[in-house]
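Enquirer: just coords:
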């Protein structure tokens, strides 16, 4: 089927009227200050139009960026569903509406993950045919492109059919995000053999093996998540959360222990200084801020969810990824891939 | 109920006739050489009687240790169930039989984990009332006792009732293993709130909250596994495997990256040397070999499953833990706790 012309697609609501990125200025532990600083940097560095969404009086110097006023904030620990239902004027809800209404093509939030997800889902809507949107989180791999883990927490309980859809969506995302011609898709399990796993995993393995338009490479163990074993790893949101948080806890443990050793005395501090030029790029690689955040796949618009502790730099990276995914037309590709 | 006298208990099969530890000499990537070396060291250092189980002609110098002959070996990647069924004369099967027959009080194997588990289960049998034995794996925590994770992989799919039993068994194990009066038991979930988790997790949370004789501290996130948040963390074997392997992969990633930075040139090598006195204890703490291995809880005997790459030192530690658990009468305590 030939693609309709841009004007027709726009009229049919299939292409954003704007290429702006709506940034939830109130979200995250360090908002609005760091978020606004990041938005300003993004405009300077990337030449991408940005809308700031939040309480105008709290945003400080916005350097003339357009502000979409929103009087409410959903707290980091607030119940996501309730927050979105009750706070209709919340910054992340208004950011999602900006995408729905064509004022922006993408949203970025470092706020309450569940609320950002619920806001995007309720205001942008699902793509037709999508059973459940999933969170795709990039994990660092030394000397290679990131591994995309999904679902990283949106849906604690899943069916095999949903996981197959995650495989399709994750594959398209990795293709656009990392310029991979045919991303290798693995299924997270407790062993490589196809006999391993829960009933959910075994059934999903069977479906993916039948051929669903992705390059399925079989089961992948959790110790391979930071390796080059697969480009995309599919799992349910409960298991994805466990894997992600275990990695996070392990890293935190190691960095804190290493810092302790390095700062023990003057001699170790001097030694640490020698190693820093080598360690800095490693830390940069491991830093969730450098990945540009996770992406919610399956909603009708680009939605990037950044780490709660996002700095200005993290916001710049998130805006870059958001704009990149808009330019590459990822949402339309997902729409076609999952159309019923 | 008063305890029967030792002689009566022994007659009733409730106390081992021997305090020896049966070591599967053929198991693991580095057996039999490292395993035999470890067994010899254990006898010297700990003054614990050890039986070596394996092919006598392949064991080298056993320094006069008693050898239980076993002509077969179940490979590390062999199907566990088939291996145990077909190879009746396998070293790990014979080690389990030595415990069943009272020739030993405990077994240690660094071989195929699933096969060691199946062998112990089939030959030693379950304790009456145990639904499913579970693997309890100690995880390092800086400045504190280890966190015991169970089930670390024995049962990919579980019921809430099994998880409650794991909580009881894990609590008793942590009490004896780490001298804790009342270990704190957490439930692994994707959030601390009791509303978080799969149906299995929520139902288990409700049961544990009703009071089952353990000190339940609620849900624990995977990033807390290496922290002091709980002494015991309960989960199903699929999720336990994912958490454990993610931690392992993260550590491997970090150690390999750090080694790369440290060995880059002469200057970094000199700096690394300065940091080594601080790093060595950390590495020691993180090393699975220093934990003494995982324990299979719920079978009628002590069964320690060591890491496949176990060195002589790992074997010494495993024998130490095995003997310690025998001396403390852990199996009888478990028997009473889970009796129907």
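Expert: Thanks, I have it. Please read these numbers as outputs of a predicted model, since none were measured by experiment.
Enquirer: next, count neighbours for residue A:118.
Expert: The tally of other residues near residue A:118 (other CB atoms under 10 Å in any protein chain shown) stands at 23. For glycine as for every other residue, the C-beta is placed from the backbone atoms N, C-alpha and C.
Enquirer: for the residue in the stretch 51-200 of chain A that chain B sits nearest to, pull up the helix or strand it's in.
Expert: Of all residues in the stretch 51-200 of chain A, the one sitting closest to chain B is residue A:190 (3.9 Å; CB to the nearest CB). Following DSSP states H and E, there is no helix or strand that holds residue A:190.
Enquirer: same thing with residue A:304?
Expert: strand A:302-305.
Enquirer: name the residue closest to the centre of chain A, please.
Expert: The structure's chain A has its C-alpha centroid closest to residue A:294; by CA atoms, centre = their mean the separation is 1.2 Å.
Enquirer: what helices or strands is the longest helix along chain A leaning on?
Expert: Longest helix in chain A by number of residues (criterion: DSSP state H): helix A:237-262. Applying 3 or more CB pairs under 8 Å, 6 or more residues apart in numbering or on different chains; DSSP states H and E, we find helix A:237-262 packed against strand A:134-139, strand A:147-150, strand A:184-188, helix A:266-286, helix B:237-262, helix B:266-286.
Enquirer: which one of the ones you listed is the most hemmed in?
Expert: With neighbours defined as mean count of other CB atoms under 10 Å in any protein chain shown, the helices and strands packed on helix A:237-262 peak in mean count at strand A:147-150, which reaches a mean of 29.
Enquirer: mind listing residues that contact that one?
Expert: A:134-139, A:141, A:166, A:169-170, A:173-174, A:177, A:183, A:188, A:225-227, A:229-235, A:240, A:243-244, A:297 (CB atoms under 8 Å, 6 or more residues apart in numbering or on different chains).
Enquirer: what of stretch A:261-271?
Expert: A:272, B:270-272, B:274-275, B:278-279, B:282.
Enquirer: redo these as a markdown table? Include pLDDT.
Expert: Output for the contacts of stretch A:261-271, formatted as a markdown table (pLDDT from 0 to 100):
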| residue | pLDDT |
| --- | --- |
| A:272 | 92 |
| B:270 | 93 |
| B:271 | 93 |
| B:272 | 92 |
| B:274 | 93 |
| B:275 | 91 |
| B:278 | 88 |
| B:279 | 87 |
| B:282 | 79 |
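Enquirer: what is the nearest of those to residue B:128?
Expert: Nearest to residue B:128 out of the contacts of stretch A:261-271 is residue B:282 (CB to CB; 43.0 Å).
Enquirer: list the residues that contact the closest one.
Expert: Contacts for residue B:282 (CB under 8 Å, 6+ apart) come out as A:257-258, A:261.
Enquirer: closest one to residue A:333 out of the residues you listed, please.
Expert: residue A:258 (41.5 Å).
Enquirer: that closest one contacts residue B:255, doesn't it?
Expert: No. The pair residue A:258 / residue B:255 is not scored as a contact, 10.6 Å apart, by CB atoms under 8 Å.
Enquirer: any stretches of the stretch 151-300 of chain A with poor pLDDT?
Expert: Residues of the stretch 151-300 of chain A meeting the criterion pLDDT under 70: A:288-290.
Enquirer: where do the strands sit along the stretch 1-150 of chain A?
Expert: Per DSSP state E, counting those that start in this stretch, the stretch 1-150 of chain A carries strands over the ranges A:21-24, A:50-54, A:66-69, A:106-109, A:134-139, A:147-150.
Enquirer: using CSV, please lay out the ones you listed together with mean pLDDT.
Expert: Output for the strands of the stretch 1-150 of chain A, formatted as CSV (pLDDT from 0 to 100):
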stretch, mean pLDDT
strand A:21-24, 96
strand A:50-54, 96
strand A:66-69, 96
strand A:106-109, 96
strand A:134-139, 95
strand A:147-150, 96
